[in-house]
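Undergrad: turn this into a model:
(one chain, ligands or ions: 1)
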Amino acid sequence: MTNIDSSDVVVVGAGTAGSVVVRRLIDAGHRVTVLEAGPTDGRPEIGSPFGAGALFASEVDWKLSTVPQAHANNRVLYQPRGRSLGGSTILNGMLYVRGARSDYDAWAAAGATGWSWREVEPYFRRIENYDGPGRAGRGTDGPLRVHHNTDPDPLVTAFVDAAVQAGHPYNDDYNAEDSRGASYAQATLHRGERVTAWRAYAQPVADSASLRVITDALVTRIVIENGRAVGVEYVRDGQRRVIRAEKEVVLSAGVFGTPHLLMLSGIGAPEHLRQHGIEVVRELPGVGRNLRDHVGSPMVWESRLDVPAPRMTGIEAQLITDSADTGTIQPDRQAVFISFVYSTITENLPDRGFTALALLLHPHSQGEVRLRSADPADAPLIDPGILSDRRDLDALVDHLESLRDVARQPALDTWIKSEVYPGPDRMSRGELRDYVRASVDSGQHQVGTARIGTDPLAVVDPQLVVHGVAGLRIADASVMPVTPAGNTAAPTLMIGERAADLILDNR
Ligand SMILES: Cc1cc2nc3c(=O)[nH]c(=O)nc-3n(C[C@H](O)[C@H](O)[C@H](O)COP(=O)(O)OP(=O)(O)OC[C@H]3O[C@@H](n4cnc5c(N)ncnc54)[C@H](O)[C@@H]3O)c2cc1C
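TA: Okay, here's the model as predicted:
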């Protein structure tokens with residue numbers, strides 16, 4: 001082992017939350033080292049809102065997949081994850097959604113003290129540099145550009161109008177008071193360019209003498225001495241090295257990377273660790289469990305008219321609604337309007353078409369992340385247990401039926417030539433269930449594998465410190481107790497902001 005050196009704080013992962021932590025700690029005068037497994041963010045596609053497709057399965061994607069999903073026709077689902085400066089914000093859909101206040105109040109009620117809406121809302125404002133209407137309560141001078149679709153094209157307008165004709169309210173700012181209703185999109189987009197977390201937060205301080213950025217560095221283990229995290233071990237250029245953290249280690253390796261590293265470091269369910277010959281350092285049976293995600297199936301229509309070129313990212317509008325399920329936090333449905341054809345089933349797709357992706361925001365199903373082996377280079381096993389709770393199958397069918405109702409409205413008459421998926425031969429609930437099993441996919445909003453709480457299955461306490469391991473904090477999507485009612489980048493950035501405050505003892 002070579003090159004033992006040190007920093008005040010070592011951050012593992014230069015992704016969404018990691019970028020925020022880096023920036024705030026540098027601003028506060030700390031010496032920070034950030035270790036990123038992937039390369040620098042030089043690929044030109046990263047700057048383009050339409051570049052994600054070219055990045056999937058490339059060297060800046062972790063190229064992960066689930067195990068076969070028994071309730072989705074045994075399909076293996078692809079799980080792209082960013083592997084470069086910016087993490088998953090280099091290839092995500094860029095839709096900016098804070099989530100509903102009811103989500104955070106439920107987190108707090110379940111043991112995440114300090115994470116109620118009233119307490120997290122100021123952090124969302126701190127993130128934002130928002131340019132749209134409805135500015136009350138919105139941040140306008142934060143590091144992250146958030147662009148509102150103020151110039152929607154006629155097709156997108158028709159979708160929003162049809163939703164209103166179907167009885168849903170129009171909402172000019174779903175990130176203000178209440179997220180429900182039909183709205184034009186808000187995206188992390190500035191002058192037509194993708195805004196990544198790294199570029200918004202860390203890039204402006206990249207030249208600071210206090211910051212060391214080490215790319216192409218795969219962290220393999222957290223070094224723990226006498227119950228305290230004192231550094232991390234990583235591999236770079238084939239060499240194993242150690243860096244020490246004088247103050248603390250912050251894990252921001254994401255919903256798969258973080259539980260993977262905890263387990264490789266001997267933190268997890270003892271039986272599972274022993275199976276792989278890993279010495280138990282701290283028994284925490286919740287590590288890797290509680291994997292939650294949004295799940296969705298697309299509605300695809302053939303268009304009568306040419307579809308206008310996207311003015312945002314292709315995701316141009318959304319509809320957030322309540323379902324009749326009394327067992328979930330409301331709102332619990334999102335329909336994302338995409339102005340091109342986006343479908344998991346790829347046969348018979350129209351040349352001209354558009355999509356509404358029906359997503360469940362609080363599915364009942366949950367899964368887990370486990371070790372495949374004790375080799376850090378081996379990807380973990382990912383089993384989201386998609387549709388394993390039958391209520392989710394029925395909820396997606398209900399959701400598709402409600403979108404059919406939107407599609408029947410006069411505002412979309414001039415646009416819809418035919419429904420391609422689920423399609424006219426799938427009208428009964430049984431046929432729609434079959435369609436959901438064949439088409440359902442991850443919403444790519446995985447959370448929860450190192451969740452906040454004080455119960456025996458919680459992994460971090462409300463200050464984000466790993467239970468029983470001093471000096472080790474987690475800041476990324478894995479700490480969310482359950483999925484929020486919206487896409488997960490904004491809540492993850494909020495976690496990064498709050499984590500930095502906790503480290504700096506500002507709270
Ligand atoms: C295809 C896709 C589309 C999405 N669309 C949207 C959307 O439209 N809107 C939205 O809000 N959210 C969206 N999301 C979700 C959102 O982007 C993520 O929830 C969020 O970015 C997760 O942030 P994170 O900090 O937890 O992890 P990440 O941003 O993934 O960061 C983790 C970082 O850690 C690094 N890392 C991991 N393991 C190691 C290791 N062992 N050593 C060193 N480094 C390591 C990774 O390379 C990565 O840089 C999407 C996600 C995907 C994948």
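Undergrad: quick check: phi and psi at the residue nearest to L381 when sequence neighbours are not counted.
TA: Counting by CB to CB, 6 or more residues apart in numbering, L381 lies nearest to R370, which is 4.7 Å off, once chain neighbours are set aside. Using the backbone N, CA and C atoms, a C-beta is placed for each residue, glycine as well. Note on R370: its backbone torsions stand at phi -130, psi 170 [degrees, to the nearest 10].
Undergrad: quick one: contacts for R370?
TA: R370 makes contact with 263, 272, 288, 380-381, 383, according to CB atoms under 8 Å, 6 or more residues apart in numbering.
Undergrad: now that we have these, which one has the most neighbours?
TA: Ranked by neighbour count (other CB atoms under 10 Å), the contacts of R370 have G288 at the top, with 31 neighbours.
Undergrad: near the ligand, which residues of the stretch 101-250 of the chain are found?
TA: Contact residues, the stretch 101-250 of the chain versus the ligand (CB under 6 Å from any ligand atom): 218-219.
Undergrad: what separates whichever residue of the stretch 1-150 of the chain sits closest to the ligand from S48, distance-wise?
TA: Ranking the residues of the stretch 1-150 of the chain by distance to the ligand (CB to the nearest ligand atom) places G15 first, at 1.8 Å. As judged by CB to CB, to the nearest Å, G15 and S48 stand 19 Å apart.
Undergrad: so which of these two has more stuff around it?
TA: Neighbour count, other CB under 10 Å: between G15 and S48, G15 has more, with 35 against 16.
Undergrad: does that one touch G82 like I think?
TA: Yes: at 6.5 Å, G15 counts as touching G82 under the criterion of CB atoms under 8 Å.
Undergrad: list residues touching both of these two?
TA: Contact criterion CB under 8 Å, 6+ apart; residues shared by G15 and G82: 88-89.
Undergrad: which residues touch the nearest residue to the residue of the stretch 1-150 of the chain closest to the ligand once chain neighbours are set aside?
TA: Nearest residue to G15 in three dimensions, chain neighbours excluded: G87, at 2.0 Å (CB to CB, 6+ apart). Counting by CB under 8 Å, 6+ apart, G87 makes contact with 13-16, 18-19, 81, 197-198, 252, 254.
Undergrad: tell me the residues of the stretch 301-450 of the chain that contact the ligand?
TA: By the rule CB under 6 Å from any ligand atom, the part of the stretch 301-450 of the chain lying against the ligand is 444-445.
Undergrad: please enumerate the helices of the chain.
TA: Ranges of helices in the chain, per DSSP state H, are 16-27, 52-55, 101-109, 117-127, 154-165, 197, 254-264, 270-275, 390-407, 429-439, 489-503.
Undergrad: which helices and strands sit right next to the third one?
TA: Contacting helix 101-109 under the criterion 3 or more CB pairs under 8 Å, 6 or more residues apart in numbering; DSSP states H and E are the following elements: helix 117-127.
Undergrad: how about the helix it packs on: buried residues?
TA: Residues of helix 117-127 classed as buried: 117, 119-120, 123-127 (neighbour count, 16 or more other CB atoms under 10 Å).
Undergrad: so who does the residue nearest to N290 when sequence neighbours are not counted touch?
TA: Nearest non-adjacent residue to N290, counting by CB to CB, 6+ apart: G448, 4.2 Å away. Each residue near G448 by CB under 8 Å, 6+ apart is listed here: 255, 290-292, 366, 478, 480-483.
Undergrad: next one: V223
TA: Counted by CB under 8 Å, 6+ apart, V223 has contacts 229-233, 242, 244.
Undergrad: okay, these in a markdown table with neighbour count and pLDDT next?
TA: Formatted as a markdown table, those follow (neighbours: other CB atoms under 10 Å; pLDDT from 0 to 100):
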| residue | neighbour count | pLDDT |
| --- | --- | --- |
| A229 | 25 | 98 |
| V230 | 20 | 98 |
| G231 | 23 | 98 |
| V232 | 26 | 98 |
| E233 | 18 | 98 |
| V242 | 17 | 97 |
| R244 | 16 | 97 |
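Undergrad: now do N506, the pLDDT please.
TA: pLDDT recorded at N506 is 63.
Undergrad: I'd say D389 and S365 touch.
TA: Yes: D389 is in contact with S365 according to CB under 8 Å; the separation is 4.3 Å.
Undergrad: these two: which is more packed in?
TA: The neighbour comparison of D389 against S365 (other CB under 10 Å) goes to S365, with 21 against 15.
Undergrad: tell me the contacts of the more buried one?
TA: Taking CB under 8 Å, 6+ apart, we find S365 in contact with 71, 295, 384-389, 392.
Undergrad: most packed of the helices of the chain?
TA: Ranked by mean neighbour count under mean count of other CB atoms under 10 Å, those are led by helix 197, which reaches a mean of 33.
Undergrad: from the contacts of R370, pick the one nearest the ligand.
TA: Top of the list for closeness to the ligand, among the contacts of R370 and by CB to the nearest ligand atom, is P380 at 10.2 Å.
Undergrad: for the closest one, which non-adjacent residue is closest in space?
TA: P380's closest residue in space is H260 (CB to CB, 6+ apart), at 4.5 Å.
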